[in-house]
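[1] What would the 3D arrangement of this be:
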Amino acid sequence: MKICQAYLTLWKSTLHLNDMNTKNIIFAVVGIVILVITYWLVSPLWRNVVLDEVPPNTTTQTISQAKETKIEDKAMKSEITKTISGNFESRAHKVTGVAKVVDSSVGRVLRFENFSTVNGPDLEIYLSTDETAKDFVSLGKNKATEGNINYTIPNGTDISKYKYVLVWCKSFSINFGTSVLQ
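    Take a look at the predicted model:
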């Protein structure tokens, strides 16, 4: 027992824990760390980023457009795709707008129209098999909190499997909002 007390006394004297200046320095460092973490968590809430990207050049028509123009050519009919889209529904935070898949000259694009969300730390856009992001394809960081935004869908992504569009907070594993592509 006396040996433990001797080591503890030696340890305290080595670190000068009894010194008031050392305690002040420790409190200052801890305070700065808390301020930095708080800023990182809270500051996105007052940042509003607006982006209005041009729609991608489409290479196909919707089925209704094809009926209006009465396309008879089989090769042209094979290029016609059904528009896949869904409205955003809020989950942890308010998210509004429409997500739609657009076939373009550069490949498939997920387009957000009239999109709006609150900002948050480390928001990403996922195509997922469900609302919990157990199996997902990341389309990258959220580009803006408002506007019309394009995200490139990786080649080979099965939209019938990954039909949930999530605005996902990676830091806290929270779903801000969901759009189901139909």
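
[2] Show me the shaky parts of the protein.
    1-20, 43-46, 58-82 (pLDDT under 70).

[3] could you pull out the helices for it?
    Using DSSP state H, the helices of the chain run over 2-15, 20-42, 63-69, 74-79.

[4] Now do the same contact list for the most centrally placed residue in the chain.
    Centroid-nearest residue in the chain: residue 124, 1.7 Å away (criterion: C-alpha atoms, centre = their mean). With contact taken as C-beta atoms under 8 Å, 6 or more residues apart in numbering, residue 124 is in contact with 138-142, 168, 170. To be clear about C-beta, it is placed using only N, CA and C from the backbone, and glycine gets the same treatment.

[5] isn't residue 47 right next to residue 119, touching?
    Yes - the criterion here is C-beta atoms under 8 Å, and residue 47 meets it with residue 119 at 5.1 Å.

[6] more neighbours, the two?
    residue 119 (18 against 10; other C-beta atoms under 10 Å).

[7] sorry, back to before: residues in a beta bridge with the residue nearest to the centre of the chain, which ones?
    Beta-bridge partners recorded for residue 124 (DSSP bridges): residue 141, residue 168.

[8] Report the separation between it and residue 174.
    Residue 124 sits 11 Å away from residue 174, going by C-beta to C-beta, to the nearest Å.

[9] Spit out the residues that contact these two alike.
    residue 168.

[10] For residue 162, which non-adjacent residue is closest in space?
    Nearest non-adjacent residue to residue 162, counting by C-beta to C-beta, 6 or more residues apart in numbering: residue 127, 3.8 Å away.

[11] cool, and residue 105?
    residue 57 (4.7 Å).

[12] And the one you found, how far from residue 109?
    Residue 57 is 10 Å from residue 109, by C-beta to C-beta.

[13] got it, and residue 52?
    Distance from residue 52 to residue 109, by C-beta to C-beta: 15 Å.

[14] Neighbour count for those two, which is higher?
    The residue with more neighbours, out of residue 52 and residue 109, is residue 109; 21 against 9, by other C-beta under 10 Å.

[15] May I have the residues that are in contact with that one?
    56, 101-103, 150-153.

[16] Show me what it is bridged to.
    Beta-bridge partners, per DSSP bridges, of residue 109: residue 102, residue 152.

[17] hmm, back to that, ok, the residue nearest to residue 105 to residue 111 distance?
    On the measure of C-beta to C-beta, residue 57 and residue 111 end up 12 Å apart.

[18] Select from the contacts of residue 124 the one having the most neighbours.
    Counting by other C-beta under 10 Å, top hit in the contacts of residue 124: residue 168 with 28 neighbours.
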